[in-house]
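A.B. asks: Quick one: sequence plus predicted model below, questions after.
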Amino acid sequence: MDIIVLGSGTGTPSVRRSPSSLTVKAGGLRVLIDSGSGTLRRLAEANIPVQSIHHIFYTHFHPDHTADLGPILFALKYTVIPERTDPMGLWGPAGFNAFFDFLHKAWGHWIIPSTFDLALEDLPLNGPQQVKLGDVLIESHPVQHKDPSLGYRIEHGGKVLAVSGDSEYCKGLVEAAQGADLFVCECSRPDDMKTPGHMGPTEAGRTAREAGAKRLLLTHFYPECDAADVLTPCRKEFPGEVILAEDLMHLKI
Ligand SMILES: [Zn+2]
Ligand SMILES: [Zn+2]
């Protein structure tokens, strides 16, 4: 699996860190996990054509995770040559169809594809659900954030990638990351500045250790994290490799 971090930041405006987005290529399939603002630009910087995105999975509806959905659909409808015909699926936590209805009301036909099918799927908040896309298995796991949120576990060719989305330390996240070759975990602020619904480096490390993850990629950094040492407290909890995400970072598992 090929993983490229498109946004390692949050809602805080930053040249260095765009809001959340990650792209994963597994076999012939390319998916996006979240599309905060700036995702289209980071895709261009990574030389990934927007039409090469097959499907998008959303962890939750906060603007720092969803803002580029409309612009992505607009780009796919009006800027892609030849026209896209591959169907596209969008998944998100329960309420996703209602969320999309609001976008549709605001932006009208400009974001509704005319040359390919768009499927919108709500994923449950009361337990995991599996989505099989060819030989790639994607499993959603409810996690604990301020609003309904999901983490994702992606399996392909015997490898496992887990992505936390925004979350507190919780059992659902430990399950999602069980034995993951790479666990992409949010680390919003240093431990002494922790806010509800998010984790600091100690909790991220604890989650990775309890899950038995092999490598841990910390992301979703508010600027406070860049001014602090988040590696040391995380390494006290997690014995494996800890990596600090940067936009356009490329990892393979
Ligand atoms: Zn966020
Ligand atoms: Zn959030």
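C.D. replies: That came in fine, so what should we check first? Numbering: from 1, shown residues only. Ligands and ions are numbered 1, 2, ... in the order given.
A.B. asks: What values do phi and psi take at His109?
C.D. replies: phi -70, psi -10 (degrees, to the nearest 10).
A.B. asks: and Leu43, how many neighbours?
C.D. replies: 23 (other CB atoms under 10 Å). Where C-beta positions appear, they are placed from N, C-alpha and C, glycine not excepted.
A.B. asks: Then His62?
C.D. replies: When neighbours are counted by other CB under 10 Å, His62 registers 22.
A.B. asks: My understanding was that it contacts Asp166; is that so?
C.D. replies: Yes - assessed by CB atoms under 8 Å, His62 is found in contact with Asp166 at 6.9 Å.
A.B. asks: In the stretch 1-150 of the chain, mark out all the helices, start to finish.
C.D. replies: 39-45, 63-66, 69-78, 96-107 (DSSP state H, counting those that start in this stretch).
A.B. asks: buried sites along the shortest one?
C.D. replies: This means helix 63-66. Neighbour-count burial for helix 63-66 flags Asp64, His65, Thr66 (criterion: 16 or more other CB atoms under 10 Å).
A.B. asks: nearest to Phe102, of the residues you listed?
C.D. replies: Comparing the buried residues of helix 63-66 against Phe102 with CB to CB places Thr66 closest, at 11.0 Å.
A.B. asks: thought that closest one was touching Ser37?
C.D. replies: No - in this structure, Thr66 is not within contact of Ser37 by CB under 8 Å, at 9.1 Å.
A.B. asks: Distance of the residue of the stretch 151-253 of the chain found nearest ligand 1 relative to Glu121?
C.D. replies: Nearest residue of the stretch 151-253 of the chain to ligand 1, counting by CB to the ion: Asp166, 4.3 Å away. Distance check for Asp166 against Glu121: by CB to CB, to the nearest Å, it reads 20 Å.
A.B. asks: the more surrounded of those two?
C.D. replies: Per other CB under 10 Å, whichever of Asp166 and Glu121 has more neighbours is Asp166, with 25 against 15.
A.B. asks: Now do the closest residue to the more buried one other than its chain neighbours: how many residues are near it, please.
C.D. replies: Leaving out its chain neighbours, the residue that sits closest to Asp166 by CB to CB, 6 or more residues apart in numbering is His145, at 4.5 Å. Applying other CB under 10 Å, we find 23 residues neighbouring His145.
A.B. asks: what does the model give the closest residue to Arg17 other than its chain neighbours for pLDDT?
C.D. replies: Leaving out its chain neighbours, the residue that sits closest to Arg17 by CB to CB, 6+ apart is Gly9, at 2.8 Å. Model confidence at Gly9, given as pLDDT, is 98.
A.B. asks: circling back to that earlier point, the residue nearest to Asp166 is in contact with Cys170, isn't it?
C.D. replies: No - with contact defined as CB under 8 Å, His145 does not reach Cys170; the gap is 9.2 Å.
A.B. asks: out of the helices of the stretch 1-150 of the chain, which comes closest to Leu161?
C.D. replies: Closest among the helices of the stretch 1-150 of the chain, using CB to CB: helix 63-66, at 17.4 Å.
A.B. asks: quick one: stretch 78-95 near ligand 2?
C.D. replies: No - counting by CB under 5 Å from the ion, no contacts exist between stretch 78-95 and ligand 2, the nearest distance being 11.5 Å.
A.B. asks: Show me what counts as buried in that stretch.
C.D. replies: Arg84, Met88, Gly89, Leu90, Trp91, Gly92, Pro93.
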